[in-house]
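Q: coordinates for the following, if possible.
(chains A and B, ligands or ions: 2)
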Amino acid sequence: MPIDYESLTALGAIMGSGGLVVVDEDTCMVDLARYFMNFVQEESCGKCTPCRLGTKAMLDTLTRITQGRGEAGDIEYLAELADAVKTSALCGLGQTAPNPVLTTLRYFHDEYAEHLYGGVCRARVCKGLIRYEIIPELCAGCLVCLRNCTMNAIVGEKLKPHSINYALCGKCGVCKALCKFDAVRVTTGNGYSLKQLDRAIVQ
Amino acid sequence: MVKLEIDNREIRVETGTTILQAARMNGIAIPTLCYHEALEPYAACRLCVVELASARGKLVAACAQPCEEGMDVLTSSPRVQNSRRITAELLMASGAHLPLVEAIAQAMGVQWARYSLPANDCILCGLCVRACDELVGARAISLVKRGLEKQVAAPFEIASAACIGCATCALICPTGAIALADITPAPHSAHDPRTCRVCGEQSLPQKFADVEALLKEEVQPA
Ligand code: SF4
Ligand code: FES
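A: Ligands and ions are numbered 1, 2, ... in the order given. A predicted model of the protein is given here:
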């Protein structure tokens, strides 16, 4: 893809700092949008209504989705807000503020839908939608994770497979980072999901 | 003179006229919130947006945008209405309890807000601050902080010495967010003042009102 004004505009990006960001599959696109929205929301001067309130409304909606507390209609609301803020804000900050939301919605719509309706964060980033698990077959019972767990959430004995107390786990990932046996994995899709809820209501 | 079209009507106005002025002169209604005839345009509420069909459908604030030759302005296209709807809904987030915001939302067809924030009487239209500066010339209040924390305040949030107590800000505020309070310190004196039995106004203490006695005192010091 050529890097010039026209091609970037067609993609929904802008020429300038932060206009193009390279990420891999370990980045959650919803969380990325939340991150940028947090930035612009803090930068907003607050003079015009759409930017002052619209960026905050987008941020709060995105935050809810990344926490696994998304609601039906969130994607549509985000799209409406993003379009309104982009077209009606007073200055360039507000007019470009919704770009991360607009482009992630355009190219990674599935990821939003997965968060909302499947309770899944495929990049395994959104804490509300993931869980750390110790694979008993791989765990050597070395106690390293148990000793270093920031929340004292790991239970077990020496040389016996450990397990995680989910009531205490803060999902910081220290256990996974320290495990020499690759016995800690992150799973997703086992939390709250709108689809499950819908099904529960239907049944 | 410039010639333009507003809602497909050909209109001629003096150079420098804003779209809002031109529309109103021709009986075309455009909702406004932060605009006041006596003040400079502020272009902050974004309720008065109109679509420039002549500029790829760009939305501009009618209150601040001067008319230009050949402009093609749409004041209630779907784009415009969408934008106003969201703006009204956002205003409701912290201002749903205000009759003014309620009326605006109703006019835009917004029944409830999908988002809410702690209630706030001030909608940051800036009318008070601009009136204090442009009309009164006192500049006793200003908009401080930024983003969601933006608010109207006197410098350093202490009673402003520049305030002449004219109450213009309270009168111009469309939501009644500014309350008046008399914080003038009560006069104190070692002598009891006399009180008018009709109006209750207090004046010169008896001791000083009695001029003859006072003069005597001065002539023959005790
Ligand atoms: S106090 Fe009233 S006039 Fe001043 S900015 Fe707030 S709403 Fe507008
Ligand atoms: S009236 Fe034009 S932006 Fe507020």
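Q: excluding its backbone neighbours, what's nearest residue A:66?
A: Counting by CB to CB, 6 or more residues apart in numbering or on different chains, the nearest residue to residue A:66 once its immediate chain neighbours are dropped is residue A:126, at 4.3 Å. Every residue, glycine included, has its C-beta placed from N, CA and C.
Q: can you map out the strands along chain B?
A: With strands called from DSSP state E, chain B shows them at B:2-6, B:9-13, B:49-52, B:58-61, B:72-74, B:142-144, B:151-153, B:194-195, B:202-203.
Q: re the thing from before, which ones are touching the residue nearest to residue A:66?
A: Counting by CB atoms under 8 Å, 6 or more residues apart in numbering or on different chains, residue A:126 makes contact with A:28, A:30-31, A:65-68, A:115.
Q: ok, 7 Å please
A: Under the criterion of CB atoms under 7 Å, 6 or more residues apart in numbering or on different chains, the contact partners of residue A:126 comprise A:28, A:30-31, A:66, A:68, A:115.
Q: residue B:203 too?
A: For residue B:203, the contacting residues are B:193-194, B:196, by CB under 7 Å, 6+ apart.
Q: go with 10 Å
A: Contacts were defined as CB atoms under 10 Å, 6 or more residues apart in numbering or on different chains; by that measure residue B:203 touches B:193-196, B:209.
Q: go on, residue A:152?
A: By CB under 10 Å, 6+ apart, the contact set of residue A:152 is A:146, A:165, A:168-169.
Q: adding neighbour count, pLDDT and secondary structure, write these out as a markdown table.
A: Putting the contacts of residue A:152 into a markdown table (neighbours: other CB atoms under 10 Å in any protein chain shown; pLDDT from 0 to 100; DSSP: H, G, I helix; E, B strand; the rest coil) gives the following:
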| residue | neighbour count | pLDDT | secondary structure |
| --- | --- | --- | --- |
| A:146 | 18 | 95 | helix |
| A:165 | 12 | 94 | coil |
| A:168 | 13 | 93 | coil |
| A:169 | 18 | 93 | coil |
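Q: what subset of those is also close to ligand 1?
A: Counting by CB under 6 Å from any ligand atom, nothing from the contacts of residue A:152 sits close to ligand 1.
Q: show me how chain A divides into domains.
A: Segmentation of chain A into domains, based on automatic domain parsing, reads A:5-118, A:130-189.
Q: and among these, the most buried is which?
A: Burial of the domains of chain A is given as mean neighbour count (mean count of other CB atoms under 10 Å in any protein chain shown); domain A:5-118 ranks first at a mean of 19.
Q: ok now it, how far from the chain's centre?
A: Put simply, domain A:5-118 sits 12 Å off its chain's centre (CA atoms, centre = their mean, to the nearest Å).
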